[in-house]
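Asker: Test case, fold it:
(one chain, ligands or ions: 1)
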Amino acid sequence: MSEASSRARTAALLERFPRETLAVRPTPLERLRNLEAHLSVAPLWVKRDDLTGLAFGGNKARKLEFLMAEAKRRRALCVVTTGFPQSNHARDVAVAARRLGLDPVLIIVGKDPRDATGNLLLDQLLGAEIHFAPTVRRAIAGALRVVSSKRLRGKRPYFILPGGSMPVGALGYVDAFLEMHAQFEAMGREMPARQYVALGSGGTLAGLLVGRALTSAHTRLVGVRVVEKRLLRDAAVLRLATRTARLLGRADLRISSSDFDVEDDFVGERYGTSTEEGDLATDAFARREGIFLDPVYTAKSGAAFLEHAESSAFDPRTGALFWHTGGTIALFR
Ligand SMILES: Cc1ncc(COP(=O)(O)O)c(C=O)c1O
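Answerer: Numbers count the residues shown, from 1 in each chain. Just a heads-up that it's a prediction; the model follows:
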């Protein structure tokens, strides 16, 4: 079967799921011509998922199209999730909830600051019900308690896992893979042999992996870890990809750890801290392309992309692609 007909069949599988229109799609696929000239490597591509709209762009808008539709299908009145004070996910859940007339409830890991900045400030502006918990574990336990108490009070909560990384959310990136696939086909070009994406809670990479497997496309996905290994094991990404395939009715699909690479060397000290390579990548993207990266996610995935572009032999016919997954509000934290 050709890749185009596998794409059409995968799109038909996705159409069976309810979906809210929240993201601006398709996002632009652009050539990074100034970086190409600077590094003497071509072609280099960026998929501008920082421009998905919703509020300030980013990967969560795609996941939430399916997650919020599921919340509505279950006739939820409120959505509950957890994240750090600068969580793009928590912010976008709150934005999407407001758009659809549901109440956002956020359990934020950390202390209530006197002056909120960045995403937490936006969460407050959105009027989200915000609770604070000292650790991730206690935030999740707190979220489950909030879910039970809302349920008892007839508020019909829908709980979204951190990062929206559950099979329904990952469908957004199965669809994103098809969108990017179609964009290359429309240009009459082969898809880049390597694609780089930040690896946080895993839903974005899991969705892309399922999209790649279902279309049998010739490309290798590289997840650039931005969280410590103990917080997200490669096996968890595989499990999520397998469950996403099963949700699509393709339990037969085999995805194994040999189907993707995980780049571990760009996390730095830990999740959330900036790194020297990340700062250099941020400067390079801003000064050469007028594109802003964020210190937590895309500076690290962007650093891996640029470093590999410089040091490894990308196939000169197809080059490499960088998924810009957003997060730029963190520049203002
Ligand atoms: C801006 C940004 N990029 C990348 C990611 C990583 O995506 P995922 O959590 O699906 O691995 C996230 C969320 O965690 C994010 O907010």
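
Asker: Every contact and neighbour count from this point should use C-alpha atoms.
Answerer: Fine.

Asker: the strands in the stretch 51-200 of the chain, which residues?
Answerer: Listed in chain order, the strands of the stretch 51-200 of the chain (DSSP state E, counting those that start in this stretch) span 78-83, 103-109, 129-133, 157-159, 194-199.

Asker: packing partners for the first one?
Answerer: Looking back up the chat, that one is strand 78-83. With contacts taken as 3 or more C-alpha pairs under 8 Å, 6 or more residues apart in numbering; DSSP states H and E, strand 78-83 sits against helix 88-100, strand 103-109, helix 136-152, strand 157-159.

Asker: Go through the ones you listed and pick out the most buried.
Answerer: Mean neighbours per residue, mean count of other C-alpha atoms under 10 Å, is largest over these for strand 103-109, with a mean of 26.

Asker: Can you tell me the strand partners of that one and which way each runs?
Answerer: The pairing partners recorded for strand 103-109 under DSSP bridges are strand 78-83 (parallel), strand 129-133 (parallel).

Asker: Quick one: closest of the ones you listed to the ligand.
Answerer: The ligand sits nearest to strand 78-83 of all the strands paired with strand 103-109, at 9.2 Å, using C-alpha to the nearest ligand atom.

Asker: Please save the CA atoms from the closest one in CSV.
Answerer: C-alpha atoms of strand 78-83 as CSV (Å, rounded to 0.1, in the frame of the first residue of the first chain):
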residue,chain,number,x,y,z
CYS,A,78,-15.3,20.5,35.0
VAL,A,79,-11.9,19.4,34.0
VAL,A,80,-9.2,18.6,36.5
THR,A,81,-5.4,18.4,35.8
THR,A,82,-2.1,18.9,37.4
GLY,A,83,1.2,20.6,36.5
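
Asker: That one - what's its average pLDDT?
Answerer: Taken as a whole, strand 78-83 carries a mean pLDDT of 97.

Asker: residues of it that come out buried?
Answerer: Neighbour counts using 16 or more other C-alpha atoms under 10 Å place 78-83 of strand 78-83 among the buried residues.

Asker: For that strand, which outside residues touch it?
Answerer: Residues from elsewhere that reach strand 78-83, judged by C-alpha atoms under 8 Å, 6 or more residues apart in numbering: 71, 89-90, 93, 97, 102-109, 136, 139-140, 143, 146-147, 155-163.

Asker: how about the residues of the stretch 51-200 of the chain near the ligand?
Answerer: 58, 88-89, 163, 165, 198-200 (C-alpha under 6 Å from any ligand atom).

Asker: for the strands of the stretch 51-200 of the chain, which one sits closest to residue 261?
Answerer: Relative to residue 261, the nearest member of the strands of the stretch 51-200 of the chain by C-alpha to C-alpha is strand 194-199, separated by 9.5 Å.

Asker: mind listing what the closest one pairs with, with the direction of each?
Answerer: When sheet partners are counted by DSSP bridges, strand 194-199 sits next to strand 220-225 (parallel), strand 320-324 (parallel).

Asker: Please identify which of those strands is closest to residue 36.
Answerer: The closest of these to residue 36 is strand 320-324. By C-alpha to C-alpha, the value is 10.8 Å.

Asker: Now tell me what touches the closest one from outside.
Answerer: With C-alpha under 8 Å, 6+ apart, strand 320-324 has contacts from 43-50, 58, 192-198, 293, 298, 301-302, 305, 309, 314.
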